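> next one to model:
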Amino acid sequence: MFSCRRAANPPSIGLSAATIAGAIARVGPTFGAATKITSIVFDDRGGRITIEDPARKGQAQTFDLSEDGAIRSAITFQLDSSGARFGVPDLAPLDEKMIAKLEAEAMERLGGQRQVYLESVSIGAHPFEPQAGAQAIEVRVRNIAQDSVQANYAWIVFDFNGRVVDYVTF
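Reported below is the predicted structural model:
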């Protein structure tokens with residue numbers, strides 16, 4: 001089904017729509033079409049997916065995503081493993097065009113007249129927006145170039161059809 005490798009520093013996956021869409025397209029071939037997914041998260045440090053791992057009797061397991069596959073993470077992100085699950089077929093609408101549209105809308109709506117920077121794209125149940133179920137996409141932005149304690153954040157939550165569920169501004 002998938003190879004489980006360990007590496008100290010997996011090659012990073014960026015936040016471009018093409019890179020995210022490419023990683024999403026590899027989820028089925030890497031983990032299997034019947035895989036139950038709890039979350040997929042991309043940020044400037046890379047990407048990770050948390051699934052119900054059949055090799056661990058369905059327990060949540062996080063994998064770091066890289067350009068050439070997935071590497072079992074040393075830790076499982078508990079916040080990423082809570083909430084509703086979705087399946088590989090549910091990812092079908094999340095192609096490069098859709099991801100680019102969602103990122104652009106978030107940057108425009110949340111940035112307004114100020115410069116904002118893409119912080120992360122998270123796919124899966126949202127802790128503050130349960131009405132989207134497992135099919136929520138949060139695009140988060142920050143007001144300064146580097147993530148730090150001085151940064152302020154805003155986000156918008158979409159459903160898998162690209163409709164806005166809710167948003168929080170600066």
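
> the longest helix along the chain: how far from the chain's middle?
As far as residue count goes, and with DSSP state H defining each element, the longest helix of the chain is helix 96-111. Centroid displacement of helix 96-111 relative to its chain, using CA atoms, centre = their mean, to the nearest Å, is 14 Å.

> so the residue lying farthest from the centre of the chain, which state does it fall into?
Computed with CA atoms, centre = their mean, the maximum C-alpha offset from the centroid of the chain is found at Q113, amounting to 26.6 Å. Q113 falls in the coil class when you classify it by DSSP: H, G, I helix; E, B strand; the rest coil.

> now the longest helix of the chain: buried residues?
Neighbour-count burial for helix 96-111 flags E96, M98, I99, L102, E103, E105, A106, M107, R109, L110, G111 (criterion: 16 or more other CB atoms under 10 Å). All C-beta atoms are positioned from the backbone trio N, CA, C, and that covers glycine.

> what would those look like in a markdown table with pLDDT and distance to F42?
As requested, these are arranged in a markdown table below (pLDDT from 0 to 100; distance: CB to CB, whole Å):
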| residue | pLDDT | distance to F42 |
| --- | --- | --- |
| E96 | 97 | 13 |
| M98 | 97 | 14 |
| I99 | 97 | 9 |
| L102 | 97 | 12 |
| E103 | 96 | 10 |
| E105 | 96 | 17 |
| A106 | 96 | 13 |
| M107 | 94 | 15 |
| R109 | 94 | 19 |
| L110 | 93 | 17 |
| G111 | 90 | 19 |
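
> of those residues, closest to K57?
K57 has its nearest neighbour among the buried residues of helix 96-111 in I99, at 32.6 Å by CB to CB.

> quick check: the closest residue to V121 other than its chain neighbours vs R56, distance?
Closest residue in space to V121, ignoring its immediate chain neighbours: F42 at 4.7 Å, by CB to CB, 6 or more residues apart in numbering. F42 is 24 Å from R56, where distance means CB to CB, to the nearest Å.
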